[in-house]
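Enquirer: just coords:
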(Lines give C-alpha, C1' and ligand atoms only; values in the text may rest on other atoms or scores of the structure.)
Protein backbone atom coordinates (compact mmCIF):
# COMPACT_ATOMS: atom_id res chain seq x y z
CA UNK A 1 0.00 0.00 0.00
CA UNK A 2 2.83 2.41 0.88
CA UNK A 3 4.44 1.86 -2.51
CA UNK A 4 1.19 2.43 -4.41
CA UNK A 5 0.60 5.71 -2.60
CA UNK A 6 4.18 6.79 -3.29
CA UNK A 7 3.88 5.96 -7.00
CA UNK A 8 0.56 7.81 -7.31
CA UNK A 9 1.93 10.95 -5.67
CA UNK A 10 5.17 10.76 -7.67
CA UNK A 11 3.19 10.50 -10.92
CA UNK A 12 1.13 13.53 -9.92
CA UNK A 13 4.19 15.67 -9.23
CA UNK A 14 6.20 14.44 -12.20
CA UNK A 15 3.41 15.06 -14.70
CA UNK A 16 2.47 18.38 -13.07
CA UNK A 17 5.98 19.87 -13.03
CA UNK A 18 6.72 18.64 -16.55
CA UNK A 19 3.48 20.07 -17.93
CA UNK A 20 4.24 23.36 -16.20
CA UNK A 21 7.59 23.52 -18.00
CA UNK A 22 6.04 22.47 -21.32
CA UNK A 23 3.10 24.87 -21.19
CA UNK A 24 3.14 27.59 -23.85
CA UNK A 25 -0.27 29.07 -23.07
CA UNK A 26 0.36 30.15 -19.47
CA UNK A 27 -2.94 28.62 -18.38
CA UNK A 28 -1.46 25.88 -16.18
CA UNK A 29 0.43 28.12 -13.79
CA UNK A 30 -2.66 28.97 -11.75
CA UNK A 31 -3.14 25.26 -11.06
CA UNK A 32 0.39 23.89 -10.99
CA UNK A 33 2.65 26.83 -10.12
CA UNK A 34 2.90 25.74 -6.48
CA UNK A 35 4.72 22.56 -7.54
CA UNK A 36 7.69 24.65 -8.69
CA UNK A 37 7.68 26.76 -5.53
CA UNK A 38 8.03 23.74 -3.22
CA UNK A 39 11.19 22.52 -4.97
CA UNK A 40 14.10 22.77 -2.55
CA UNK A 41 16.59 25.14 -4.22
CA UNK A 42 13.97 27.66 -5.46
CA UNK A 43 12.60 27.79 -1.92
CA UNK A 44 16.11 28.41 -0.53
CA UNK A 45 16.90 31.21 -2.98
CA UNK A 46 13.47 32.77 -2.44
CA UNK A 47 14.05 32.50 1.32
CA UNK A 48 10.69 30.76 1.56
CA UNK A 49 11.15 29.64 5.15
CA UNK A 50 7.77 27.94 5.34
CA UNK A 51 8.59 25.62 2.44
CA UNK A 52 12.14 24.96 3.68
CA UNK A 53 10.91 24.13 7.17
CA UNK A 54 8.13 21.97 5.72
CA UNK A 55 10.56 19.92 3.59
CA UNK A 56 12.97 19.43 6.49
CA UNK A 57 10.11 18.43 8.79
CA UNK A 58 8.82 16.03 6.13
CA UNK A 59 12.27 14.44 5.95
CA UNK A 60 12.61 14.20 9.73
CA UNK A 61 9.26 12.43 9.89
CA UNK A 62 9.29 10.12 6.86
CA UNK A 63 12.79 10.14 5.37
CA UNK A 64 13.77 11.35 1.92
CA UNK A 65 10.31 11.17 0.39
CA UNK A 66 11.08 14.48 -1.33
CA UNK A 67 13.53 12.63 -3.59
CA UNK A 68 11.06 9.90 -4.54
CA UNK A 69 7.82 11.92 -4.67
CA UNK A 70 8.45 15.65 -5.29
CA UNK A 71 11.75 15.93 -7.20
CA UNK A 72 11.11 15.42 -10.96
CA UNK A 73 14.70 14.39 -11.71
CA UNK A 74 14.55 11.77 -8.96
CA UNK A 75 11.28 10.41 -10.33
CA UNK A 76 12.80 10.27 -13.82
CA UNK A 77 15.55 8.05 -12.42
CA UNK A 78 12.91 5.76 -10.90
CA UNK A 79 11.14 5.52 -14.26
CA UNK A 80 14.36 4.66 -16.10
CA UNK A 81 15.45 2.20 -13.41
CA UNK A 82 12.05 0.50 -13.50
CA UNK A 83 12.20 0.12 -17.28
CA UNK A 84 15.71 -1.29 -17.01
CA UNK A 85 14.52 -3.80 -14.40
CA UNK A 86 11.86 -5.14 -16.75
CA UNK A 87 14.55 -6.70 -18.90
CA UNK A 88 14.94 -10.42 -18.59
CA UNK A 89 17.07 -11.32 -15.61
CA UNK A 90 17.52 -7.70 -14.51
CA UNK A 91 14.69 -7.33 -11.99
CA UNK A 92 16.83 -7.92 -8.90
CA UNK A 93 20.15 -6.54 -10.07
CA UNK A 94 21.41 -4.21 -7.34
CA UNK A 95 24.07 -4.91 -4.74
CA UNK A 96 25.06 -3.14 -1.56
CA UNK A 97 27.74 -0.52 -2.05
CA UNK A 98 29.47 1.69 0.49
CA UNK A 99 28.83 5.41 0.61
CA UNK A 100 31.38 7.36 -1.43
CA UNK A 101 31.79 10.04 1.19
CA UNK A 102 34.71 11.84 -0.40
CA UNK A 103 32.71 12.43 -3.57
CA UNK A 104 29.31 12.94 -2.02
CA UNK A 105 30.34 15.45 0.62
CA UNK A 106 33.04 16.96 -1.57
CA UNK A 107 30.43 17.91 -4.17
CA UNK A 108 28.13 19.19 -1.44
CA UNK A 109 30.82 21.44 0.06
CA UNK A 110 31.64 22.83 -3.39
CA UNK A 111 27.94 23.40 -4.04
CA UNK A 112 27.39 25.35 -0.80
CA UNK A 113 30.59 27.33 -1.37
CA UNK A 114 29.45 28.19 -4.91
CA UNK A 115 26.03 29.20 -3.59
CA UNK A 116 27.54 31.52 -1.00
CA UNK A 117 30.09 32.94 -3.43
CA UNK A 118 27.51 33.52 -6.16
CA UNK A 119 29.00 31.07 -8.67
CA UNK A 120 25.57 30.24 -10.00
CA UNK A 121 26.84 28.23 -12.97
CA UNK A 122 27.95 25.40 -10.68
CA UNK A 123 24.82 25.71 -8.54
CA UNK A 124 22.48 25.55 -11.53
CA UNK A 125 24.41 22.67 -13.06
CA UNK A 126 23.80 20.33 -10.11
CA UNK A 127 20.45 21.47 -8.72
CA UNK A 128 17.94 18.73 -9.69
CA UNK A 129 14.92 20.95 -10.38
CA UNK A 130 17.03 23.31 -12.49
CA UNK A 131 18.49 20.37 -14.42
CA UNK A 132 15.04 18.97 -15.15
CA UNK A 133 13.79 22.40 -16.23
CA UNK A 134 16.60 22.71 -18.78
CA UNK A 135 15.98 19.18 -20.04
CA UNK A 136 12.27 19.82 -20.57
CA UNK A 137 12.66 23.29 -22.08
CA UNK A 138 15.48 22.40 -24.46
CA UNK A 139 14.71 18.79 -25.40
CA UNK A 140 11.04 18.07 -24.76
CA UNK A 141 9.32 21.42 -25.37
CA UNK A 142 10.29 21.57 -29.08
CA UNK A 143 8.53 18.22 -29.59
CA UNK A 144 5.54 19.54 -27.64
CA UNK A 145 5.39 22.70 -29.79
CA UNK A 146 5.67 20.73 -33.02
CA UNK A 147 2.70 18.67 -31.85
CA UNK A 148 0.83 21.88 -31.06
CA UNK A 149 1.66 23.28 -34.50
CA UNK A 150 0.34 20.12 -36.15
CA UNK A 151 -2.94 20.53 -34.26
CA UNK A 152 -3.02 24.22 -35.25
CA UNK A 153 -2.57 23.25 -38.91
CA UNK A 154 -5.40 20.72 -38.69
CA UNK A 155 -7.68 23.12 -36.79
CA UNK A 156 -7.08 25.94 -39.28
CA UNK A 157 -8.24 23.76 -42.15
CA UNK A 158 -11.31 22.85 -40.15
CA UNK A 159 -12.13 26.54 -39.67
CA UNK A 160 -11.13 26.56 -36.00
CA UNK A 161 -8.52 28.62 -34.17
CA UNK A 162 -8.44 26.63 -30.94
CA UNK A 163 -4.68 26.25 -31.43
CA UNK A 164 -2.16 28.77 -32.67
CA UNK A 165 1.28 27.93 -34.08
CA UNK A 166 4.47 28.72 -32.19
CA UNK A 167 7.99 29.07 -33.53
CA UNK A 168 10.58 26.46 -32.59
CA UNK A 169 14.12 27.82 -32.39
CA UNK A 170 17.38 27.14 -30.60
CA UNK A 171 17.69 29.74 -27.87
CA UNK A 172 21.18 28.76 -26.68
CA UNK A 173 23.46 26.06 -28.04
CA UNK A 174 25.57 25.75 -24.83
CA UNK A 175 22.46 25.32 -22.69
CA UNK A 176 21.04 22.77 -25.15
CA UNK A 177 24.26 20.73 -25.03
CA UNK A 178 24.39 20.89 -21.23
CA UNK A 179 20.76 19.74 -21.00
CA UNK A 180 21.45 16.87 -23.41
CA UNK A 181 24.59 15.81 -21.53
CA UNK A 182 22.72 15.92 -18.21
CA UNK A 183 19.86 13.81 -19.53
CA UNK A 184 22.20 11.22 -21.02
CA UNK A 185 24.33 11.02 -17.86
CA UNK A 186 21.41 10.72 -15.45
CA UNK A 187 19.61 8.22 -17.69
CA UNK A 188 22.65 5.97 -18.16
CA UNK A 189 23.41 5.97 -14.43
CA UNK A 190 19.78 5.19 -13.58
CA UNK A 191 19.61 2.44 -16.22
CA UNK A 192 22.65 0.70 -14.80
CA UNK A 193 22.69 1.51 -11.11
CA UNK A 194 19.42 3.16 -10.04
CA UNK A 195 19.90 6.19 -7.81
CA UNK A 196 23.64 6.78 -8.30
CA UNK A 197 23.16 10.43 -9.30
CA UNK A 198 20.90 11.14 -6.30
CA UNK A 199 23.21 9.57 -3.73
CA UNK A 200 26.55 10.65 -5.11
CA UNK A 201 26.26 13.98 -6.94
CA UNK A 202 22.95 15.62 -6.03
CA UNK A 203 23.52 18.29 -3.34
CA UNK A 204 19.84 18.43 -2.41
CA UNK A 205 19.83 14.67 -1.79
CA UNK A 206 22.94 15.02 0.37
CA UNK A 207 21.39 17.89 2.34
CA UNK A 208 18.20 15.94 3.04
CA UNK A 209 20.37 12.91 3.85
CA UNK A 210 21.67 14.78 6.90
CA UNK A 211 18.13 14.86 8.26
CA UNK A 212 16.85 11.49 7.03
CA UNK A 213 19.29 9.71 9.38
CA UNK A 214 17.02 10.83 12.19
CA UNK A 215 13.67 10.14 10.50
CA UNK A 216 10.98 8.84 12.84
CA UNK A 217 9.48 6.58 10.17
CA UNK A 218 11.88 4.50 8.09
CA UNK A 219 12.57 0.99 6.80
CA UNK A 220 13.90 -1.23 9.59
CA UNK A 221 15.38 -4.73 9.44
CA UNK A 222 14.10 -7.36 11.85
CA UNK A 223 17.14 -9.60 12.13
CA UNK A 224 15.16 -12.21 14.05
CA UNK A 225 12.93 -12.77 11.00
CA UNK A 226 15.46 -12.10 8.24
CA UNK A 227 16.85 -15.26 6.61
CA UNK A 228 19.52 -13.42 4.59
CA UNK A 229 17.81 -14.05 1.24
CA UNK A 230 19.11 -10.67 0.00
CA UNK A 231 15.87 -9.90 -1.85
CA UNK A 232 15.65 -6.44 -0.31
CA UNK A 233 19.29 -5.71 -1.02
CA UNK A 234 18.97 -6.76 -4.67
CA UNK A 235 15.89 -4.55 -5.12
CA UNK A 236 17.32 -1.45 -3.44
CA UNK A 237 18.11 1.05 -6.21
CA UNK A 238 19.89 3.25 -3.68
CA UNK A 239 22.27 0.36 -2.85
CA UNK A 240 21.99 1.32 0.81
CA UNK A 241 20.99 -2.07 2.32
CA UNK A 242 23.77 -4.42 3.49
CA UNK A 243 22.20 -7.65 4.69
CA UNK A 244 25.49 -9.23 5.73
CA UNK A 245 26.15 -6.30 8.05
CA UNK A 246 22.47 -5.98 8.97
CA UNK A 247 22.40 -2.26 8.22
CA UNK A 248 20.50 0.32 6.19
CA UNK A 249 22.12 3.64 5.31
CA UNK A 250 19.16 5.93 5.87
CA UNK A 251 21.02 8.95 4.55
CA UNK A 252 20.84 7.38 1.08
CA UNK A 253 17.46 5.66 1.38
CA UNK A 254 14.84 7.44 -0.75
CA UNK A 255 11.90 5.58 0.81
CA UNK A 256 10.70 3.96 -2.42
CA UNK A 257 9.37 0.85 -0.54
CA UNK A 258 10.84 -1.53 -3.12
CA UNK A 259 12.69 -3.34 -0.35
CA UNK A 260 9.60 -3.64 1.84
CA UNK A 261 7.55 -5.12 -1.00
CA UNK A 262 10.30 -7.54 -2.00
CA UNK A 263 10.76 -9.17 1.41
CA UNK A 264 8.90 -12.54 1.35
CA UNK A 265 8.87 -12.97 5.16
CA UNK A 266 8.15 -9.46 6.37
CA UNK A 267 11.61 -9.09 7.81
CA UNK A 268 11.85 -5.49 6.62
CA UNK A 269 9.14 -3.01 7.56
CA UNK A 270 8.54 0.70 7.32
CA UNK A 271 7.64 1.72 10.84
CA UNK A 272 7.88 4.32 13.56
CA UNK A 273 11.16 4.02 15.44
CA UNK A 274 13.38 5.94 17.75
CA UNK A 275 17.05 5.69 16.92
CA UNK A 276 17.94 4.23 20.30
CA UNK A 277 15.35 1.49 19.92
CA UNK A 278 16.43 0.73 16.35
CA UNK A 279 19.98 -0.02 17.44
CA UNK A 280 19.20 -3.63 18.28
CA UNK A 281 17.81 -4.35 14.82
CA UNK A 282 20.43 -2.25 13.11
CA UNK A 283 23.59 -2.54 15.19
CA UNK A 284 25.88 -0.91 12.68
CA UNK A 285 23.65 2.11 12.28
CA UNK A 286 24.46 3.24 15.80
CA UNK A 287 28.16 3.42 15.10
CA UNK A 288 29.71 6.85 15.06
CA UNK A 289 29.69 8.41 11.63
CA UNK A 290 31.62 11.64 11.08
CA UNK A 291 29.10 12.69 8.47
CA UNK A 292 26.48 13.15 11.20
CA UNK A 293 28.35 16.17 12.42
CA UNK A 294 27.25 17.77 9.19
CA UNK A 295 23.65 17.82 10.46
CA UNK A 296 23.84 21.39 11.64
CA UNK A 297 25.89 22.37 8.61
CA UNK A 298 23.00 21.24 6.43
CA UNK A 299 21.01 24.15 7.81
CA UNK A 300 23.22 26.44 5.75
CA UNK A 301 21.12 25.54 2.75
CA UNK A 302 18.09 27.11 4.38
CA UNK A 303 19.69 30.48 5.03
CA UNK A 304 22.17 30.73 2.20
CA UNK A 305 22.17 33.95 0.26
CA UNK A 306 24.06 34.23 -2.96
CA UNK A 307 26.43 37.09 -3.73
CA UNK A 308 27.22 37.39 -7.41
CA UNK A 309 29.56 39.73 -9.28
CA UNK A 310 28.18 42.41 -11.56
CA UNK A 311 27.50 41.04 -14.99
CA UNK A 312 29.08 42.17 -18.22
CA UNK A 313 27.68 40.32 -21.15
CA UNK A 314 30.10 40.47 -24.10
CA UNK A 315 28.90 37.47 -26.09
CA UNK A 316 26.98 37.78 -29.34
CA UNK A 317 24.32 35.21 -30.18
CA UNK A 318 24.53 33.12 -33.36
CA UNK A 319 22.69 34.39 -36.40
CA UNK A 320 19.25 33.01 -37.14
CA UNK A 321 19.38 30.05 -39.47
CA UNK A 322 16.48 31.02 -41.69
CA UNK A 323 16.35 34.19 -43.76
CA UNK A 324 13.12 36.04 -44.40
CA UNK A 325 12.16 37.28 -47.82
CA UNK A 326 10.84 40.70 -48.78
CA UNK A 327 8.41 40.23 -51.64
CA UNK A 328 10.41 37.25 -52.86
CA UNK A 329 13.14 39.49 -54.33
CA UNK A 330 15.58 40.70 -51.67
CA UNK A 331 17.08 38.86 -48.74
CA UNK A 332 16.56 40.58 -45.41
CA UNK A 333 19.52 39.96 -43.15
CA UNK A 334 18.51 38.38 -39.86
CA UNK A 335 18.96 40.49 -36.77
CA UNK A 336 22.00 39.90 -34.59
CA UNK A 337 22.23 40.56 -30.90
CA UNK A 338 24.33 43.65 -30.19
CA UNK A 339 27.13 43.68 -27.66
CA UNK A 340 25.57 45.01 -24.46
CA UNK A 341 27.60 46.59 -21.70
CA UNK A 342 25.13 45.27 -19.11
CA UNK A 343 22.70 42.35 -19.63
CA UNK A 344 18.98 43.07 -19.47
CA UNK A 345 16.90 41.19 -16.93
CA UNK A 346 13.08 41.15 -16.96
CA UNK A 347 10.73 43.55 -15.19
CA UNK A 348 10.14 42.28 -11.69
CA UNK A 349 13.86 41.92 -11.00
CA UNK A 350 15.23 44.50 -8.59
CA UNK A 351 18.60 44.67 -10.33
CA UNK A 352 20.90 42.61 -12.53
CA UNK A 353 22.83 41.49 -9.46
CA UNK A 354 19.73 40.55 -7.47
CA UNK A 355 18.21 38.65 -10.39
CA UNK A 356 21.24 36.46 -11.01
CA UNK A 357 21.71 35.98 -7.27
CA UNK A 358 18.29 34.32 -6.98
CA UNK A 359 17.84 32.70 -10.40
CA UNK A 360 18.10 28.89 -10.47
CA UNK A 361 18.34 28.68 -14.30
CA UNK A 362 15.35 26.35 -14.36
CA UNK A 363 14.22 27.90 -17.68
CA UNK A 364 10.58 28.15 -16.58
CA UNK A 365 10.38 31.82 -17.54
CA UNK A 366 12.15 31.08 -20.85
CA UNK A 367 9.67 28.31 -21.62
CA UNK A 368 6.70 30.54 -20.79
CA UNK A 369 7.78 33.74 -22.60
CA UNK A 370 5.27 34.21 -25.46
CA UNK A 371 7.31 36.92 -27.20
CA UNK A 372 10.62 35.03 -27.63
CA UNK A 373 12.43 37.67 -25.59
CA UNK A 374 13.98 35.51 -22.87
CA UNK A 375 16.82 33.13 -23.65
CA UNK A 376 19.60 31.45 -21.65
CA UNK A 377 22.78 33.48 -21.39
CA UNK A 378 25.91 32.31 -23.19
CA UNK A 379 28.12 34.41 -20.91
CA UNK A 380 30.20 32.07 -18.73
CA UNK A 381 29.49 34.04 -15.57
CA UNK A 382 25.72 33.65 -15.97
CA UNK A 383 25.63 30.60 -18.23
CA UNK A 384 22.12 29.09 -18.55
CA UNK A 385 20.49 31.95 -16.61
CA UNK A 386 17.98 34.01 -18.63
CA UNK A 387 18.56 37.38 -20.21
CA UNK A 388 16.42 39.56 -22.47
CA UNK A 389 17.18 40.06 -26.16
CA UNK A 390 15.04 41.47 -28.92
CA UNK A 391 15.93 39.84 -32.23
CA UNK A 392 12.64 37.92 -32.41
CA UNK A 393 10.28 40.07 -30.39
CA UNK A 394 10.02 42.67 -27.66
CA UNK A 395 8.73 42.72 -24.10
CA UNK A 396 5.09 43.74 -24.53
CA UNK A 397 3.73 46.02 -21.81
CA UNK A 398 0.66 43.87 -21.14
CA UNK A 399 2.64 40.63 -20.56
CA UNK A 400 3.86 39.76 -17.05
CA UNK A 401 3.93 35.98 -17.40
CA UNK A 402 7.59 35.54 -16.41
CA UNK A 403 7.01 37.39 -13.13
CA UNK A 404 4.07 35.13 -12.35
CA UNK A 405 5.88 31.81 -12.83
CA UNK A 406 9.30 32.46 -11.21
CA UNK A 407 9.53 30.14 -8.16
CA UNK A 408 12.83 31.44 -6.76
CA UNK A 409 12.08 35.11 -6.06
CA UNK A 410 14.36 36.33 -8.87
CA UNK A 411 11.29 38.05 -10.35
CA UNK A 412 8.71 39.69 -8.10
CA UNK A 413 5.08 39.36 -9.24
CA UNK A 414 3.94 42.61 -10.82
CA UNK A 415 0.85 43.83 -12.65
CA UNK A 416 0.83 45.20 -16.23
CA UNK A 417 0.28 48.64 -14.74
CA UNK A 418 3.39 48.30 -12.56
CA UNK A 419 5.37 47.02 -15.53
CA UNK A 420 4.93 50.30 -17.41
CA UNK A 421 6.86 52.03 -14.62
CA UNK A 422 9.61 49.41 -14.26
CA UNK A 423 12.84 50.56 -15.96
CA UNK A 424 15.13 47.61 -16.80
CA UNK A 425 17.23 49.29 -19.50
CA UNK A 426 17.75 52.34 -21.60
CA UNK A 427 17.93 52.83 -25.37
CA UNK A 428 21.18 53.90 -27.02
CA UNK A 429 21.43 55.26 -30.58
CA UNK A 430 24.17 54.60 -33.10
CA UNK A 431 23.61 57.38 -35.63
CA UNK A 432 26.04 55.75 -38.06
CA UNK A 433 23.45 52.97 -38.55
CA UNK A 434 20.33 55.16 -38.42
CA UNK A 435 18.66 55.52 -41.83
CA UNK A 436 18.49 59.37 -41.85
CA UNK A 437 22.29 59.30 -41.60
CA UNK A 438 23.26 56.11 -43.45
CA UNK A 439 20.78 56.44 -46.36
CA UNK A 440 19.56 60.02 -45.94
CA UNK A 441 15.95 58.77 -45.63
CA UNK A 442 13.15 59.46 -43.19
CA UNK A 443 12.27 56.59 -40.83
CA UNK A 444 10.92 57.21 -37.32
CA UNK A 445 9.92 53.56 -36.83
CA UNK A 446 11.32 53.50 -33.29
CA UNK A 447 9.37 56.59 -32.23
CA UNK A 448 6.09 55.33 -33.72
CA UNK A 449 6.25 52.03 -31.82
CA UNK A 450 7.70 53.12 -28.47
CA UNK A 451 4.98 52.30 -25.88
CA UNK A 452 6.52 54.65 -23.31
CA UNK A 453 6.81 57.70 -25.55
CA UNK A 454 10.53 57.80 -24.80
CA UNK A 455 11.68 58.55 -28.36
CA UNK A 456 11.15 61.95 -29.94
CA UNK A 457 11.89 62.90 -33.55
CA UNK A 458 13.85 66.14 -33.90
CA UNK A 459 15.36 67.93 -36.89
CA UNK A 460 18.69 66.66 -38.05
CA UNK A 461 19.60 70.25 -38.82
CA UNK A 462 17.85 72.52 -36.31
CA UNK A 463 18.30 75.50 -38.61
CA UNK A 464 16.65 73.90 -41.65
CA UNK A 465 12.86 73.71 -41.61
CA UNK A 466 12.73 70.85 -44.13
CA UNK A 467 15.53 68.87 -42.52
CA UNK A 468 15.19 65.11 -42.04
CA UNK A 469 14.09 64.13 -38.56
CA UNK A 470 16.20 61.88 -36.36
CA UNK A 471 15.30 60.08 -33.14
CA UNK A 472 16.45 61.16 -29.72
CA UNK A 473 15.90 59.20 -26.49
CA UNK A 474 14.32 60.64 -23.36
CA UNK A 475 16.14 58.35 -20.93
CA UNK A 476 13.84 59.14 -18.00
CA UNK A 477 10.90 57.65 -19.90
CA UNK A 478 12.63 54.62 -21.46
CA UNK A 479 11.66 51.35 -19.73
CA UNK A 480 13.90 49.04 -21.80
CA UNK A 481 11.11 47.01 -23.43
CA UNK A 482 13.09 46.62 -26.67
CA UNK A 483 10.29 47.59 -29.08
CA UNK A 484 12.55 50.13 -30.77
CA UNK A 485 15.42 47.67 -31.15
CA UNK A 486 13.19 44.89 -32.46
CA UNK A 487 11.36 47.07 -35.00
CA UNK A 488 14.33 49.09 -36.22
CA UNK A 489 14.78 48.36 -39.96
CA UNK A 490 18.59 48.54 -39.75
CA UNK A 491 20.25 45.14 -40.28
CA UNK A 492 21.91 43.08 -38.94
CA UNK A 493 22.51 45.30 -35.87
CA UNK A 494 19.75 47.75 -34.97
CA UNK A 495 20.60 51.43 -34.95
CA UNK A 496 18.92 51.70 -31.57
CA UNK A 497 19.74 49.10 -28.92
CA UNK A 498 19.03 48.55 -25.24
CA UNK A 499 21.57 48.35 -22.43
CA UNK A 500 20.70 47.05 -18.98
CA UNK A 501 20.85 49.13 -15.83
CA UNK A 502 23.72 48.00 -13.63
CA UNK A 503 22.82 49.95 -10.50
CA UNK A 504 19.28 48.73 -10.01
CA UNK A 505 16.02 48.88 -11.85
CA UNK A 506 14.26 52.20 -11.47
CA UNK A 507 10.56 52.43 -10.75
CA UNK A 508 8.52 55.61 -11.11
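Expert: On my side now, so go ahead. Worth saying up front: this structure is predicted, and the values here are computed from it rather than measured.
Enquirer: residue 7: how many residues sit nearby?
Expert: By other C-beta atoms under 10 Å, 17 other residues sit near residue 7. (Each C-beta comes from the backbone N, C-alpha and C, glycine too.)
Enquirer: again, but for residue 33
Expert: Residue 33 has 16 neighbouring residues, counting by other C-beta under 10 Å.
Enquirer: where does it fall, secondary structure wise?
Expert: Using DSSP states H and E, the element containing residue 33 is helix 29-37.
Enquirer: hmm, who's touching the helix or strand just after that helix?
Expert: The element immediately downstream of helix 29-37 (helix or strand, assigned by DSSP H and E) is helix 40-45. If you take C-beta atoms under 8 Å, 6 or more residues apart in numbering as the criterion, helix 40-45 is touched by 36-37, 48, 51-52, 55, 66, 71, 123, 127-130, 204, 207-208, 301-302, 304, 306, 357-360, 362, 407-410.
Enquirer: same check, this time on stretch 421-434
Expert: Outside stretch 421-434, the residues that touch it by C-beta under 8 Å, 6+ apart are 342, 344-349, 388, 414, 437-438, 443, 446, 454-455, 470-473, 475, 478-480, 482, 484-485, 490, 493-501, 505-508.
Enquirer: what is the end-to-end distance of it?
Expert: End-to-end span of stretch 421-434 (C-alpha to C-alpha, to the nearest Å): 28 Å.
Enquirer: equivalent analysis for stretch 246-261, please.
Expert: Start to finish, the residues bounding stretch 246-261 are 18 Å apart (C-alpha to C-alpha).
Enquirer: next, give phi and psi for residue 426.
Expert: Note on residue 426: its backbone torsions stand at phi -140, psi 140 [degrees, to the nearest 10].
Enquirer: measure it to residue 351 for me?
Expert: To residue 351, residue 426 is 14 Å away according to C-beta to C-beta, to the nearest Å.
Enquirer: neighbour count for these two, which is higher?
Expert: Between residue 426 and residue 351, residue 426 has the larger neighbour count (other C-beta under 10 Å), namely 21 against 17.
Enquirer: partner residues bridging the more buried one?
Expert: According to DSSP bridges, the residues that bridge with residue 426 are residue 499.
Enquirer: just the pLDDT for residue 287.
Expert: If you check residue 287, the pLDDT there is 36.
Enquirer: same check, this time on residue 310
Expert: Per-residue pLDDT puts residue 310 at 33.
Enquirer: list the ones among the contacts of helix 40-45 that fall in helices.
Expert: In this view, the contacts of helix 40-45 that belong to helices under DSSP state H are 36-37, 51-52, 55, 123, 128-130, 204, 207-208, 301-302, 357-358.
Enquirer: of those residues, buried ones?
Expert: 36-37, 51-52, 55, 123, 128-130, 204, 207-208, 301-302, 357-358 (16 or more other C-beta atoms under 10 Å).
Enquirer: mark which of the contacts of stretch 421-434 are part of helices, please.
Expert: Among the contacts of stretch 421-434, DSSP H puts 437-438, 446, 484-485 in helices.
Enquirer: what sits against the nearest residue to residue 253 once chain neighbours are set aside?
Expert: Counting by C-beta to C-beta, 6 or more residues apart in numbering, residue 253 lies nearest to residue 240, which is 5.1 Å off, once chain neighbours are set aside. Contacts for residue 240 (C-beta under 8 Å, 6+ apart) come out as 96, 99, 199, 248-253.
Enquirer: export these as CSV, with columns for distance to residue 187.
Expert: Output for those, formatted as CSV (distance: C-beta to C-beta, whole Å):
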residue, distance to residue 187
96, 23
99, 23
199, 16
248, 27
249, 24
250, 26
251, 24
252, 20
253, 22
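Enquirer: now, among the residues you listed, which is nearest to residue 228?
Expert: Distance to residue 228, by C-beta to C-beta, is smallest for residue 96 among the contacts of residue 240, at 12.3 Å.
Enquirer: what's in contact with the helix holding residue 33?
Expert: Here helix 29-37 has contacts from 13, 16-17, 19-20, 23, 42-43, 46, 48, 51, 129, 362, 364, 368, 401, 404-405, 407, using C-beta under 8 Å, 6+ apart.
Enquirer: ok, now stretch 454-470?
Expert: Stretch 454-470 is contacted from outside by 427, 431, 434, 436-437, 440-442, 444, 446-447, 471-479, 484, 496, using C-beta under 8 Å, 6+ apart.
Enquirer: measure that stretch end to end?
Expert: 14 Å.
Enquirer: circling back: pull out the buried members of the contacts of stretch 454-470.
Expert: In those, burial by neighbour count holds for 427, 434, 436-437, 446-447, 471, 473, 477-479, 484, 496, counting by 16+ other C-beta under 10 Å.
Enquirer: can you pick out the most distant pair from those?
Expert: Using C-beta to C-beta, the buried ones among the contacts of stretch 454-470 reach their maximum pairwise distance at 437 and 479, which is 25.7 Å.
Enquirer: if we can go back for a sec, what about the contacts of stretch 421-434, which are in strands?
Expert: Secondary structure from DSSP state E places 388, 455, 470-473, 496-500, 506-507 of the contacts of stretch 421-434 in strands.
Enquirer: from these, pick the one nearest residue 179.
Expert: Closest to residue 179, out of all of these and judged by C-beta to C-beta, is residue 388, at 20.7 Å.
Enquirer: tell me the domain ranges of the protein?
Expert: Residue ranges for the domains of the chain, per automatic domain parsing: 2-303, 324-507.
Enquirer: re earlier: in strands, which of the contacts of residue 240 appear?
Expert: Residues of these located in strands (DSSP E): residue 248.
Enquirer: including distance to residue 166 and pLDDT, could the contacts of residue 240 go into a markdown table?
Expert: Listed next are the contacts of residue 240 as a markdown table, based on distance: C-beta to C-beta, whole Å; pLDDT from 0 to 100:
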| residue | distance to residue 166 | pLDDT |
| --- | --- | --- |
| 96 | 49 | 92 |
| 99 | 46 | 91 |
| 199 | 39 | 92 |
| 248 | 49 | 94 |
| 249 | 47 | 95 |
| 250 | 46 | 94 |
| 251 | 44 | 95 |
| 252 | 42 | 96 |
| 253 | 43 | 95 |
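Enquirer: just name the closest of the contacts of residue 240 to residue 269, please.
Expert: Proximity of those to residue 269 was ranked by C-beta to C-beta; the top entry is residue 248 with 11.6 Å.
Enquirer: neighbours around the closest one, how many?
Expert: Close neighbours of residue 248, defined as other C-beta under 10 Å, add up to 28.
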